[in-house]
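A.B. asks: Sequence and predicted structure, then a few things I'm wondering about:
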Amino acid sequence: TSADEAVAAAEEMGFPAVMKIVSPQIIHKIDVKGVKLNLADADAVAKAYTEMIAHVGEVMSEAEITGVLVRGMIPAGHEVILGAKRDNVFGPTLMFGLGGSFVEVFKDVTFALAPVDEAVASRMVRGIRSISLLVGARGPQPADLQAIEHCLRGLGQLVADFDRIAELDINPLIAGPANVGCAVADVRIRLS
């Protein structure tokens, strides 16, 4: 991957663009400044590429950097996390909570056995302590809770159907306002 390839990808995807470092050793890209948002044009993409590769190479010299991922920016929304893990005793399990860096700070999550139906998905979403943030307390538009629940049901069915999935994290899932839906911003899958 080169700065020129990153620019070409951004021009194909459209501006503004987002760029993320790609490395099997880097799970939390934000922690190493491996994410650049709102890149407005080709010059911004080229500059971001050069800065990101240099910085990540300095702070994580042991990491194998396989390239960068360039995509169009996802509209703003509420960041949530959806996770799945195959437990040796219980089988496939699901996790839901506030996403992005909030999941590490607040540890406000709910769990269920997969797959889940509408009622269980609803209880998972509404069961976090910070549900008031998702329903629009203090200003932002309410998140599309039905779309989040739909994603939880789909993830639950996926891990129930494919037993090679050992772990799967969608963080963040960007939940737009009602009737807008959700978009996956980042995903990590570990197969057994």
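C.D. replies: All right, it came through fine.
A.B. asks: what does the domain assignment say about this structure?
C.D. replies: For the chain, whose domains are defined here by automatic domain parsing, the residue ranges read 3-72, 78-191.
A.B. asks: any chance of these in a markdown table, with mean neighbour count and mean pLDDT too?
C.D. replies: Bear in mind the C-beta positions are built from the backbone N, C-alpha and C, glycine included. What follows is the domains of the chain, written out as a markdown table (neighbours: other C-beta atoms under 10 Å; pLDDT from 0 to 100):
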| stretch | mean neighbour count | mean pLDDT |
| --- | --- | --- |
| domain 3-72 | 16 | 92 |
| domain 78-191 | 17 | 92 |
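A.B. asks: what helix or strand is I128 on?
C.D. replies: I128 belongs to no helix or strand when elements are defined using DSSP states H and E.
A.B. asks: close enough to count as contact, it and G97?
C.D. replies: Yes. With contact defined as C-beta atoms under 8 Å, I128 counts as touching G97 (5.7 Å).
A.B. asks: Any chance you could list residues touching both of those two?
C.D. replies: Residues touching both I128 and G97 (C-beta atoms under 8 Å, 6 or more residues apart in numbering) are 108-110.
A.B. asks: what helix or strand does the residue lying closest to L145 once chain neighbours are set aside sit in?
C.D. replies: Here the nearest residue to L145 in space, its sequence neighbours aside, is V125; by C-beta to C-beta, 6 or more residues apart in numbering that works out to 5.6 Å. Remark: V125 resides in helix 118-126, with elements defined by DSSP H and E.
A.B. asks: Can I get that helix in CSV, CA atoms only?
C.D. replies: Extracted as CSV, the C-alpha positions of helix 118-126 are listed here (Å, rounded to 0.1, in the frame of the first residue of the first chain):
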residue,chain,number,x,y,z
GLU,A,118,-36.8,-10.0,19.4
ALA,A,119,-37.6,-10.0,23.1
VAL,A,120,-34.1,-11.0,24.3
ALA,A,121,-32.4,-8.5,21.8
SER,A,122,-34.7,-5.8,23.2
ARG,A,123,-33.8,-6.6,26.8
MET,A,124,-30.1,-6.6,26.0
VAL,A,125,-30.3,-3.1,24.4
ARG,A,126,-32.5,-1.7,27.0
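A.B. asks: Before I go, just wanted to say thanks for your time.
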